[in-house]
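K.L.:
Need the 3D shape of this:
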Amino acid sequence: MTPGDEELRRVVLAAAREFNAGRYFEAHEALEEALDDVPDALWPLFLGLIQVAVGYHKLAHGFAGAARMLEIGLVKLAPLPGDALGVALGALRDRAAADLAKLHAGQGDAVDLRAAPPRLLPAR
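P.N.:
All right, here's what the predicted structure looks like:
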């Protein structure tokens, strides 16, 4: 990991703390602020995480477009390894895909962001 990667890792972990606290908009903002320093190879990771965070923000507040944001975020995250810059993407991808399926099935009320919120966990 290069020194630049270490700083980006800190950004992703800070965004994960916001995400895990249910502050999806703040997670999106933390990632977006770092975009000027993100190398091309990591853009799919950052953009995918931003879009998933925005999707959950929209879902949490009843705004339109939650499914679309989750979907385009998942497309970007799909080809990435399970461990990217210190976070485990697999569980997030699985959860977002399950929530997206519920939204597409018209079961948005079955997505429980309070009792069982999505998590962006550290890689093991």
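
K.L.:
Stretch 102-109 spans what distance, first to last residue?
P.N.:
8 Å (Cα to Cα, to the nearest Å).

K.L.:
residues of that stretch that come out buried?
P.N.:
Lys102, Leu103 (16 or more other Cβ atoms under 10 Å). For the C-beta atoms, the positions are set from N, CA and C on the backbone; glycine is no exception.

K.L.:
Likewise for stretch 65-83?
P.N.:
Ala66, Ala67, Met69, Leu70, Glu71, Ile72, Gly73, Leu74, Lys76, Leu77, Leu80.

K.L.:
In helices, which of those residues appear?
P.N.:
The members of these that map onto helices under DSSP state H are Ala66, Ala67, Met69, Leu70, Glu71, Ile72, Gly73, Leu74, Lys76, Leu77.

K.L.:
okay, now the closest residue to the fifth one other than its chain neighbours: neighbour count?
P.N.:
The spatially closest residue to Glu71, leaving aside those adjacent along the chain, is Leu100, at 5.9 Å (Cβ to Cβ, 6 or more residues apart in numbering). Number of residues near Leu100 (other Cβ atoms under 10 Å) recorded here: 22.

K.L.:
Please report the distance of Leu100 from Arg9.
P.N.:
27 Å (Cβ to Cβ, to the nearest Å).

K.L.:
To which secondary structure element type does the most centrally placed residue in the chain belong?
P.N.:
Centroid-nearest residue in the chain, with Cα atoms, centre = their mean: Leu49, separated by 3.3 Å. Taking DSSP: H, G, I helix; E, B strand; the rest coil as the rule, one finds Leu49 in the helix state.

K.L.:
Brilliant, that's me finished.
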